[in-house]
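Asker: what follows is a predicted protein model with its sequence.
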Amino acid sequence: MRTTTTLHLSHLLPRFYNTNPSRFNAKPHLPDPRARLSPLRLAPARSSPDGQNAASAPVEAETKEEEPFSVIMALGSKYNDGIMVIDSPCSRYLLLDSSRNVHSMIKKDSVWTGSYWDEFASLPAIIPQGPIAMLGLGAGTAAHSILKYYPSFHIIGWELDELLINVARAYFDLSKVEEKNEHGGYLSVCIGDALSPDATVEGGFAGIIVDLFADGKILPQLLEEETWAGLAKKLMPNGRIMVNCSGRDNDQYYREHKIAPPKSKRSWTENSAIKALSRALPGEVCWKLVEEPECENYFALTGPLPDLDAWSMAVPAKLSSKVKLWQQVE
């Protein structure tokens, strides 16, 4: 059933606002104009904002009038007990599970999100022509930007929850990228386990994008060398894997206990997924830190470090300076 509830951030903050001073990792949260370094946590799908609590919230005299957010759909499924679609005049967000993390989003006037999903659109410039696997499709945020700027690629996206895909088609324009465009590119959706041995194609993938999370945490399989060795075997020659590896290993502990973490070393050694990947593929892994107001993620890329100047010239201008931040794992 479609439900619409109009709310403002102040109505959500009193009960679900997290005052942890550290930046979150893995998935961004809806922006909060009062404290850009703290996440906004929304109520579970079966809950509604408490107007009485909202009335007791501190007055925001120093801020402009808040942008309204509307809950336009909320339901549960076998795999996600809370699927929520949040709408605003500028953007639309998909929230999943009890973490209330934003798992997908679209901007209504651009394919760029201003968040980590944009990073994946740099991959096609450094891989052969061929199919791209997207493990953890969500609502297809990255698929939109890739097919906008590299319209000849065939993306094959895996998602475990079929109901989520139906939501993405209804609210996030997923159906548009499933249609073959004039350059021959399109998205195919596969319902099933993204890490299954059967999640492959004949001849291998030109690229594999990995963005797999549950309950706000990276999947534990991605901390195992065997998983990465298996994924690497699914690549065609000169193919690459690009991964959202989440944040520092101890960030979850600091968030749960509302403790300010020690200053980051900003090193790949703070991330267990990159460490597992580099053990599986020694000498063949690059990394970078993606820093944003609402989250801080480590990214990994397999293969030798690309020519950063050439890569910078080959990607959309929005990503030109960002690709120069990649480093070889040493």
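Answerer: Arrived safely.
Asker: going forward, measure contacts and count neighbours with C-alpha atoms only.
Answerer: Will do.
Asker: can you check the pLDDT for Trp268?
Answerer: At Trp268, the pLDDT value in this model is 81.
Asker: repeat for Asp215
Answerer: Note for Asp215: predicted pLDDT of 81.
Asker: that one against Asp97, yeah?
Answerer: Yes: under the criterion of C-alpha atoms under 8 Å, Asp215 makes contact with Asp97 at 5.7 Å.
Asker: when the two are compared, which one has more neighbours?
Answerer: A direct count of neighbours by other C-alpha atoms under 10 Å for Asp215 and Asp97 places Asp97 higher, at 20 against 13.
Asker: just give the closest residue to that one, not the sequence neighbours.
Answerer: Leaving aside its sequence neighbours, Asp97 sits nearest to Gly82 (C-alpha to C-alpha, 6 or more residues apart in numbering; 5.1 Å).
Asker: what about the one you found, neighbour count?
Answerer: Count around Gly82 with other C-alpha under 10 Å applied: 22.
Asker: state the distance from it to Ile218.
Answerer: 18 Å (C-alpha to C-alpha, to the nearest Å).
Asker: ranges for the strands of the stretch 201-330 of the chain?
Answerer: For the stretch 201-330 of the chain, the strands defined by DSSP state E, counting those that start in this stretch cover 205-210, 213-214, 217-218, 235-244, 285-291, 296-302, 327-328.
Asker: take those strands and lay them out in CSV including distance to Lys275.
Answerer: Output for those, formatted as CSV (distance: least, C-alpha to C-alpha, whole Å):
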stretch, distance to Lys275
strand 205-210, 16
strand 213-214, 18
strand 217-218, 14
strand 235-244, 13
strand 285-291, 10
strand 296-302, 10
strand 327-328, 13
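Asker: quick one: the ones you listed as TSV, columns for mean neighbour count too.
Answerer: Compiled in TSV, the strands of the stretch 201-330 of the chain are given as follows (neighbours: other C-alpha atoms under 10 Å):
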stretch	mean neighbour count
strand 205-210	26
strand 213-214	17
strand 217-218	18
strand 235-244	22
strand 285-291	21
strand 296-302	25
strand 327-328	18
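Asker: for Gln129, which residues are in contact?
Answerer: 153, 206 (C-alpha atoms under 8 Å, 6 or more residues apart in numbering).
Asker: measure it to Leu123 for me?
Answerer: Gln129 sits 11 Å away from Leu123, going by C-alpha to C-alpha.
Asker: angles on the backbone of Leu187, please.
Answerer: Main-chain torsions, Leu187, degrees, to the nearest 10: phi -110, psi 130.
Asker: no no, Ile127
Answerer: Dihedral angles for Ile127 - degrees, to the nearest 10 - are phi -130, psi 160.
Asker: that one reaches Met242, doesn't it?
Answerer: No: Ile127 is beyond contact range of Met242, at 10.9 Å (criterion: C-alpha under 8 Å).
Asker: now do the shared contacts for these two.
Answerer: With C-alpha under 8 Å, 6+ apart, Ile127 and Met242 have common neighbours Gly207.
Asker: where do the helices sit along the stretch 51-200 of the chain?
Answerer: Taking DSSP state H, counting those that start in this stretch to define them, one finds helices in the stretch 51-200 of the chain at 51-55, 141-149, 162-171, 174-178.
Asker: which helices and strands does the last one pack with?
Answerer: Using 3 or more C-alpha pairs under 8 Å, 6 or more residues apart in numbering; DSSP states H and E as the contact definition, the elements that helix 174-178 packs against are helix 141-149, strand 186-191.
Asker: if you set the cut-off to 10 Å instead, what comes out?
Answerer: Counting contacts by 3 or more C-alpha pairs under 10 Å, 6 or more residues apart in numbering; DSSP states H and E, helix 174-178 packs against helix 141-149, strand 154-159, helix 162-171, strand 186-191.
Asker: the last one: partners in the sheet, and parallel or antiparallel?
Answerer: Okay, so that is strand 186-191. strand 154-159 (parallel) (DSSP bridges).
Asker: between the partner strand and helix 141-149, how many degrees?
Answerer: Calculated by axes from the mean of the first three to the mean of the last three C-alpha atoms, to 10 degrees, strand 154-159 forms an angle of 170 degrees with helix 141-149.
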